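Colleague: Model the following, please.
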Amino acid sequence: MSVPAVLGKANLANIDFHEFDEGTGPSDLRDYLERIERIGELKRITAEVDPIEEMSGIVYLAAREIGAPAFLFERVKGYDTPVLWNMWGSSVNRLATAIGVPTGLSHRELVLAVRRRLGRKIAPVVIDSQKAAVFTNTVTGDDIDVVQRFPVPKHWPLDGGRYVGTCDAVITRDPERGHLNVGTYRMMVHDRNHVTLYMSPGKDARLHMERWWEQGKPCEVIAVWGVDPATFLLSGIALPKTESELDYIGGLKGEAVKLLNGKFTNLQFPAGSEIVMEGVAYPNQLKTEGPFGEFTGYYARPNDPSPLIEIKAIHFRNKPILTAALMADYWPSNDSALQFAVIRAGRVWNDLDKLGVPGIKGVYAHPAAAGGFGMMIVSLEQRYPGHAQQVLALAAQCPGGAYFTKWIVAVDHDIDPTDINEVLWAMATRCNPADGIELLKNTWSTGLDPAQNPPEKRPYGSKALINACMDHKHIKTFSRRSKLRKEMYDRIGSRWAELGFTQEFPNILTFEDKDKL
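Modeller: Residues are numbered from 1 along each chain as shown. From the prediction side, this is the model:
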């Protein structure tokens, strides 16, 4: 389909998002890199850099600009393996490229496109491994040495070690239902053939491992350390615990995920992977992990005992690419922020649809709020008494939004949830705190939340439900908002360059109703 170079909110009604279903995402990481290089969003860094804090420091500083490129470090001191950081960072275009939809979308439009693709599932297929590039090289036994072979970075000065798993996909199997789970969990290197795996309470891989251990059996684990974009994109969000993310990754990409059988485990993994670890977590074998500078912008709870993974084999392509993601305080530098903002928003919107809630006009998890986890904003057209309060309660506890999210804000349909300035205006002018804020206690949280103390309390949190909608009881007499006429907006837009303005013409959602003039 033909899409303008820049699409704004005013164009949204003219887009047929059904046509987006026709595109397919990149086949693997290398295909993705070729695509983003063609649009000028890949920066190759050829100067030698140190994997200890220097790579991450460069990314933190260089990615503070919204839309900063992906960074491929081609000369890491002591290694011949390049490292990719900031896979999409704050770039809407790269996130769109990762799933095969057109570039040039706004945040709001990208949420709509992602939402459609999250609504479908395509089952994966297992293919013949004879010619699989990832099996070109395999190391086992005494030949395994993670840090000697790969440029595993240390991200922050007080990190407990070097982390090979940040932009990764960890695969486990549910011992009861038998399906595979794909999740993003950090992995700290302990020695040449052991890593620890940090999983928050309630996360799928942790539940799988606990059930395997309850049976007295080891838990097999595969970790993809050079991951394709669609797998990484979807592996970090909450999906139904009874289903496999692989079905949804296929839906997101627009084609079935091609899987390979592991050679040392009974698991499968995406065929387009760059580096793959097969390992085993034996019952109750734990080791100290952390601290680590996490997506909240703080060091996570230090010295947690976490499952110890014994590496049985590592497979990798010729000249493989290691993928890394920086977790940071300032959101453009936080590589998970836009990812979770868009994917979690689409997930919650679909959850609300499945629950039969009408009138939802937009959903967004703001990336500046702890990497897209801290705040969820829902825009709705109020249709009945209690509608906004119902939306708040369901968005707070539906599968897509239950984990961690502290602030759930409902705004009217004339507010763009992706524009934090509009949201703050609505909170300031339409919410009476004494009546508009409710609290939920003892909700699902994370050990990564520094606000909950002492740390032992952190699996449990609380949520604030903020009704920033016009009071439904008085909606017909609520003070009228000052708005432009659509005719005047279009007239000014047609003269924008003539008037001497070089910045992008502002996009707005609502206009004065002709019938009320």
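
Colleague: what about the nearest residue to Val114 once chain neighbours are set aside, helix or strand, and which?
Modeller: Excluding its sequence neighbours, the residue lying closest to Val114 (C-beta to C-beta, 6 or more residues apart in numbering) is Gly346, at 4.1 Å. (Each C-beta comes from the backbone N, C-alpha and C, glycine too.) Following DSSP states H and E, one finds Gly346 within helix 337-354.

Colleague: Over that helix, what's the mean pLDDT, rounded is fine.
Modeller: The pLDDT scores in helix 337-354 average 92.

Colleague: same thing with stretch 424-442?
Modeller: Stretch 424-442 shows a mean pLDDT of 95.

Colleague: Buried residues of it, list them for me.
Modeller: 426-427, 430-431, 436, 440 (16 or more other C-beta atoms under 10 Å).

Colleague: follow-up on the earlier one: contacting residues for the residue nearest to Val114?
Modeller: When the contact criterion is C-beta atoms under 8 Å, 6 or more residues apart in numbering, the partners of Gly346 are 111-112, 114-115, 117-118, 363.

Colleague: Repeat the analysis, applying 7 Å as the threshold.
Modeller: Neighbour list for Gly346: 111, 114-115, 118 [criterion: C-beta atoms under 7 Å, 6 or more residues apart in numbering].

Colleague: Out of the buried residues of stretch 424-442, flag the one nearest to Arg495.
Modeller: Nearest to Arg495, judged by C-beta to C-beta, of these is Ala426 at 30.1 Å.

Colleague: Correct me if wrong: the closest one contacts Val411.
Modeller: Yes. Using C-beta atoms under 7 Å, Ala426 makes contact with Val411 at a distance of 4.6 Å.

Colleague: any shared contact partners between the two?
Modeller: Joint contacts of Ala426 and Val411 (C-beta under 7 Å, 6+ apart) are Ala468.

Colleague: which residue ranges form the strands in the stretch 201-350 of the chain?
Modeller: For the stretch 201-350 of the chain, the strands defined by DSSP state E, counting those that start in this stretch occupy 219-224, 258-261, 268-270, 275-289, 304-316, 322-323.

Colleague: May I see those arranged in CSV, with mean neighbour count as well?
Modeller: Converted to CSV, the strands of the stretch 201-350 of the chain look like this (neighbours: other C-beta atoms under 10 Å):
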stretch, mean neighbour count
strand 219-224, 26
strand 258-261, 18
strand 268-270, 24
strand 275-289, 19
strand 304-316, 21
strand 322-323, 26
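
Colleague: Turn those strands into JSON lines, columns for distance to Ser56 and mean pLDDT.
Modeller: JSON lines is the format used below for the strands of the stretch 201-350 of the chain (distance: least, C-beta to C-beta, whole Å; pLDDT from 0 to 100):
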{"stretch": "strand 219-224", "distance to Ser56": "20", "mean pLDDT": "98"}
{"stretch": "strand 258-261", "distance to Ser56": "31", "mean pLDDT": "97"}
{"stretch": "strand 268-270", "distance to Ser56": "26", "mean pLDDT": "97"}
{"stretch": "strand 275-289", "distance to Ser56": "18", "mean pLDDT": "96"}
{"stretch": "strand 304-316", "distance to Ser56": "21", "mean pLDDT": "95"}
{"stretch": "strand 322-323", "distance to Ser56": "13", "mean pLDDT": "98"}
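
Colleague: For Ala393, which of the ones you listed is the nearest?
Modeller: Short answer: strand 304-316, nearest of these by C-beta to C-beta, at 32.1 Å.

Colleague: Please list the outside residues in contact with that closest one.
Modeller: Contact with strand 304-316 is made by 134-135, 137-140, 144, 193-198, 209, 221, 263-264, 274-281, 285-290, 447, as judged by C-beta under 7 Å, 6+ apart.

Colleague: again, but for stretch 239-249
Modeller: In contact with stretch 239-249 (C-beta under 7 Å, 6+ apart) are residues 118, 121-124, 177, 179-182, 204, 230-231, 234-235, 257, 399.

Colleague: Show me how to select, in ChimeraX, the buried members of these.
Modeller: To isolate the buried members of the contacts of stretch 239-249 in ChimeraX, using 16+ other C-beta under 10 Å:
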select :118,122,124,179,180,181,182,204,230,231,234,235,257,399
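
Colleague: related to what we said a few turns ago, identify whichever of the strands of the stretch 201-350 of the chain lies nearest to Ala169.
Modeller: strand 219-224 (4.3 Å).

Colleague: any idea how far that closest one is from the chain center?
Modeller: Relative to its chain's centre, strand 219-224 lies at 21 Å (C-alpha atoms, centre = their mean, to the nearest Å).

Colleague: would you put the C-alpha positions of it in CSV?
Modeller: What follows is strand 219-224 as a C-alpha-only set of coordinates in CSV (Å, rounded to 0.1, in the frame of the first residue of the first chain):
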residue,chain,number,x,y,z
CYS,A,219,14.5,-27.9,33.4
GLU,A,220,15.9,-27.6,29.9
VAL,A,221,16.6,-24.1,28.6
ILE,A,222,17.5,-22.7,25.3
ALA,A,223,18.7,-19.1,25.0
VAL,A,224,19.1,-17.2,21.8
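
Colleague: mind listing what it pairs with, with the direction of each?
Modeller: As defined by DSSP bridges, the strand partners of strand 219-224 come to strand 169-173 (antiparallel), strand 275-289 (antiparallel).

Colleague: and the ones you listed as TSV, adding distance to Val378?
Modeller: Shown next, in TSV, are the strands paired with strand 219-224 (distance: least, C-beta to C-beta, whole Å):
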stretch	distance to Val378
strand 169-173	29
strand 275-289	36
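
Colleague: and of the ones you listed, who's closest to Ala369?
Modeller: Across the strands paired with strand 219-224, closest to Ala369 is strand 169-173 (C-beta to C-beta), at 24.6 Å.

Colleague: Past the closest one, which element shows up next along the chain?
Modeller: strand 180-183.

Colleague: what does that next one rub up against?
Modeller: Strand 180-183 has contacts (C-beta under 7 Å, 6+ apart) with 169-174, 203-205, 208, 231, 235, 244-246, 267-268.

Colleague: Filter the residues you listed down to the buried ones, ChimeraX style.
Modeller: Buried residues within the contacts of strand 180-183, by 16+ other C-beta under 10 Å, are selected in ChimeraX with:
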select :169,170,171,172,173,174,203,204,205,208,231,235,244,245,246,267,268
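
Colleague: so how far is Leu259 from Gly250?
Modeller: 10 Å (C-beta to C-beta, to the nearest Å).

Colleague: Repeat that for Ile420.
Modeller: 40 Å.

Colleague: so what's Ala402 closest to, chain neighbours aside?
Modeller: That would be Trp444: by C-beta to C-beta, 6+ apart, it lies 5.1 Å from Ala402.

Colleague: Same question for Ser129.
Modeller: Excluding the flanking residues, the one nearest Ser129 by C-beta to C-beta, 6+ apart is Leu260, at 4.8 Å.

Colleague: Can you verify my assumption that that neighbour contacts Gly272?
Modeller: No. If you go by C-beta under 7 Å, Leu260 and Gly272 don't touch, sitting 9.5 Å apart.

Colleague: all strands of the stretch 351-500 of the chain, in order?
Modeller: Under DSSP E, counting those that start in this stretch, the stretch 351-500 of the chain gives strands at 360-365, 375-380, 407-412, 437-444, 460-467.

Colleague: Dump those strands into TSV; add distance to Gln452 as well.
Modeller: As requested, the strands of the stretch 351-500 of the chain are exported to TSV (distance: least, C-beta to C-beta, whole Å):
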stretch	distance to Gln452
strand 360-365	20
strand 375-380	17
strand 407-412	15
strand 437-444	11
strand 460-467	6
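
Colleague: Give me whichever of the ones you listed is most buried.
Modeller: Of all the strands of the stretch 351-500 of the chain, strand 375-380 has the most neighbours on average by mean count of other C-beta atoms under 10 Å, namely a mean of 27.

Colleague: What strands line up against it, and which way round?
Modeller: strand 360-365 (antiparallel), strand 407-412 (parallel).

Colleague: Please list the residues outside it that contact it.
Modeller: 348, 359-366, 369, 387-388, 391, 395, 401, 405, 407-413, 415, 417, 423.
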